[in-house]
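Novice: Coordinates for the following, if possible.
(chains A and B)
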Amino acid sequence: DIQMTQSPASLSASLGETVTIECRASEDIYNGLAWYQQKPGKSPQLLIYNANSLHTGVPSRFSGSGSGTQYSLKINSLQSEDVASYFCQQYYDYPWTFGGGTKLELK
Amino acid sequence: QVKLLQSGAALVKPGASVKMSCKASGYTFTDYWVSWVKQSHGKSLEWIGEIYPNSGATNFNEKFKGKATLTVDKSTSTAYMELSRLTSEDSAIYYCTRGSVFDYWGQGVMVTVSS
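Specialist: Okay, here's the model as predicted:
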């Protein structure tokens, strides 16, 4: 199975700050990577797919980048509604696997 | 609009089985894979498996083979997952989702295994 290692596990940032979350795959996943946001008590929501494509309706302050085994999610100008957990997921090879998650809080 | 409506929470005894449903609307049910994802205690996510409603073809995470059974009813656009021989390790929230990139999610079913 492809292991997805996400960092950091938790993150505290101020409003308006830029935040970056990293995801490393145990092998090349050829941009088969998605990012999800999960708010407390809610289902995960798709933010980014194909490593850098913004899902419909997602604010443009979210962006994804990377290639090979290294990927990142960037949130520009952090808003209060961005407080959530974030997960990466690879869909290059079965079984689909997720990173361990990053919990983002306000400082 | 696309919606995945899941059945309600379940309290089940150890050793028993539970079957949950996921009713799709707002899109052509037979055109997309339906996946099931487990989330234990607010932690990370595990992909259980997927089913293609048009053919009934399935793919599973090896970890969940023998534990989960996936079926569909095309006439009602509903996907089902049955979990068998339940233990406390199966207590979790289970989500249905659409596709391999999970663009839409159900609201989740909380399963509690307790005597």
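Novice: Which strand residues bridge the residue nearest the centre of chain B?
Specialist: The centre of chain B sits closest to B:W36, judged by CA atoms, centre = their mean, with a distance of 3.9 Å. Beta-bridge partners of B:W36, counted by DSSP bridges, are B:G49, B:C96.
Novice: What residues does it make contact with?
Specialist: B:47-50, B:68, B:70, B:81, B:94-97 (CB atoms under 8 Å, 6 or more residues apart in numbering or on different chains). Every C-beta, even on glycine, is put in place using the N, C-alpha and C of the backbone.
Novice: which residue ranges form the strands in the chain?
Specialist: Just so you know, I chose chain A. Remark: strands assigned in chain A by DSSP state E are A:4-7, A:10-13, A:19-25, A:33-38, A:45-49, A:53-54, A:62-67, A:70-75, A:84-90, A:97-98, A:102-106.
Novice: To clarify, I was referring to chain B.
Specialist: Taking DSSP E as the criterion, chain B carries its strands at B:3-6, B:10-12, B:18-25, B:34-39, B:45-52, B:57-60, B:68-73, B:78-83, B:92-98, B:109-113.
Novice: could I get the ones you listed as a markdown table with distance to A:T20 and mean pLDDT?
Specialist: Converted to a markdown table, the strands of chain B look like this (distance: least, CB to CB, whole Å; pLDDT from 0 to 100):
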| stretch | distance to A:T20 | mean pLDDT |
| --- | --- | --- |
| strand B:3-6 | 31 | 98 |
| strand B:10-12 | 39 | 98 |
| strand B:18-25 | 34 | 98 |
| strand B:34-39 | 24 | 98 |
| strand B:45-52 | 21 | 98 |
| strand B:57-60 | 33 | 98 |
| strand B:68-73 | 36 | 98 |
| strand B:78-83 | 36 | 98 |
| strand B:92-98 | 26 | 98 |
| strand B:109-113 | 33 | 97 |
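Novice: Let me have these in TSV, extended by distance to A:C23.
Specialist: Output for these, formatted as TSV (distance: least, CB to CB, whole Å):
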stretch	distance to A:C23
strand B:3-6	25
strand B:10-12	33
strand B:18-25	27
strand B:34-39	17
strand B:45-52	13
strand B:57-60	23
strand B:68-73	26
strand B:78-83	27
strand B:92-98	19
strand B:109-113	27
